[in-house]
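J.: What would the 3D arrangement of this be:
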Amino acid sequence: MENSNQTLPSWFFLLGLSTVPHLQVLGFFTFMIMYIITLLGNGLLLITVRISPTLHTPMYFFLSNLSFIDICFSSTIVPVILINTVSTDKSISVGGCVFQMFFSLVLGAAECILLSVMAYDRFVAICRPLHYSSIMNMRFCIILALIPWTVGFIDSCIQVPLTWRLPFCRTHHLNHFLCEMPSFLRISCIDPWLNEVAMYVGAGIIVLCSFLLTLISYVYIISTILRIRSSRGRQAAFSTCASHLTVVTLYYGTIMSMYLRPPSSHSPEADRNVSVLYTVVTPMLNPIIYSIRNKEVKNCIMNIKEQQNCQKTF
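T.: Coordinates of the predicted model:
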């Protein structure tokens, strides 16, 4: 192969979500609103947990970690989408692409594992209530919170260098709105079999294992809920579990669809739609499903408002 084909370009071009002008305007405002909701929802949860002593528990400690990940995850991707949508220059530097790919992989993997950690926390709280405080002590909670970041960092340190050692000679235009691994494998001018194996192994270990752990935890949780005598208590618990499982299934399902599908079944349009769900929609829904609907969080927010009103009065 010629050396010119092996040269890494200085820029790539993200074609974005659509080339139709009115759809671009609609997409810009839709993504901007979703990003604002993501920042406000997750930011409100972080502040509420920080200043409310009653929320200083393992469950809200993990929820705070999830909110922080969601803010970072969205901020790594959505601003680029917004700028790319309104700008005539669709280019992104290699450094910017590497940065986005690296941190989106770290944060995506961390969220996968953290969701399973949160499910385990709820399993211990509901199925082992007498031992909850001894099992979920602060030291163990910190270890559980560090594991997602560590695994995500290691996975990204393996996947990203493997991706950027490939020669890209077919095109420098990516039919996507972010720098994501499967898109780069398609424009490589050599067979990226090693990258595909690494991607399947990484996704299989992280996503499938996390999903199975989450599913097993919820199976035990639901079996325990079925033994609750109060019909109102069962209904409330099932409502909470159903909403949690909906978000978890959406997140795991879309990531598995992107990273565990055979290369021949990928299409740019389908990949864009799937990516929107786990990079933009899920971070927006998480604080609403896990926190804002929670009575404890609502009460703490109301108490904070009342305290602020009292301070203004005096």
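J.: Quick check: the gap between H22 and D89.
T.: 21 Å (Cβ to Cβ, to the nearest Å). For the C-beta atoms, the positions are set from N, CA and C on the backbone; glycine is no exception.
J.: and what of L215?
T.: Taking Cβ to Cβ as the measure, L215 falls 45 Å from D89.
J.: Of the two, which one has the most company?
T.: Taking other Cβ atoms under 10 Å, L215 and D89 do not tie; L215 has more neighbours (15 against 9).
J.: SS state for that one?
T.: helix (DSSP: H, G, I helix; E, B strand; the rest coil).
J.: How about the contacts made by it?
T.: For L215, no contacting residues are found, by Cβ atoms under 8 Å, 6 or more residues apart in numbering.
J.: Distance check, it against Y252.
T.: Counting by Cβ to Cβ - L215 and Y252 are separated by 9 Å.
J.: go on, P167?
T.: 33 Å.
J.: higher neighbour count, the two?
T.: Between P167 and Y252, Y252 has the larger neighbour count (other Cβ under 10 Å), namely 23 against 17.
J.: Which residues are in contact with the more buried one?
T.: C112, L115, V207, S210, F211, T214.
J.: Flag the shaky bits of the protein, pLDDT-wise.
T.: Residues of the chain that meet the criterion pLDDT under 70 lie in 1-9, 18-19, 233, 236, 239, 292-293, 301, 304-314.
J.: what are the ranges of the strands in it?
T.: Using DSSP state E, the strands of the chain run over residues 11-14, 91-93, 173-174.
J.: Show me what the second one pairs with in its sheet, parallel or antiparallel.
T.: Paired strands of strand 91-93, with direction, are strand 11-14 (antiparallel) (DSSP bridges).
J.: try the shortest one
T.: Here strand 173-174 is paired, per DSSP bridges, with strand 11-14 (parallel).
J.: how about the partner strand: buried residues?
T.: F12, F13, L14 (16 or more other Cβ atoms under 10 Å).
J.: wait, the first one sits on K90?
T.: No: under the contact definition of Cβ atoms under 8 Å, F12 does not touch K90, with a separation of 9.1 Å.
J.: Could you tell me how many residues sit around P262?
T.: Using other Cβ under 10 Å, P262 has 8 neighbouring residues.
J.: Tell me which other helices or strands the lengthiest helix in the chain touches.
T.: Across the chain, the longest stretch assigned as helix under DSSP state H is helix 94-127. Under the contact definition 3 or more Cβ pairs under 8 Å, 6 or more residues apart in numbering; DSSP states H and E, helix 94-127 sits against strand 11-14, helix 58-86, helix 132-135, helix 138-164, helix 209-225, helix 231-259.
J.: between these, which gets nearest to L26?
T.: helix 58-86 (9.9 Å; Cβ to Cβ).
J.: between that closest one and helix 138-164, how many degrees?
T.: Going by axes from the mean of the first three to the mean of the last three Cα atoms, to 10 degrees, helix 58-86 is angled at 30 degrees with respect to helix 138-164.
J.: Can you tell me which helices and strands helix 58-86 packs against?
T.: Short answer (3+ Cβ pairs under 8 Å, 6+ apart): helix 58-86 packs on helix 21-51, helix 94-127, helix 138-164, helix 282-287.
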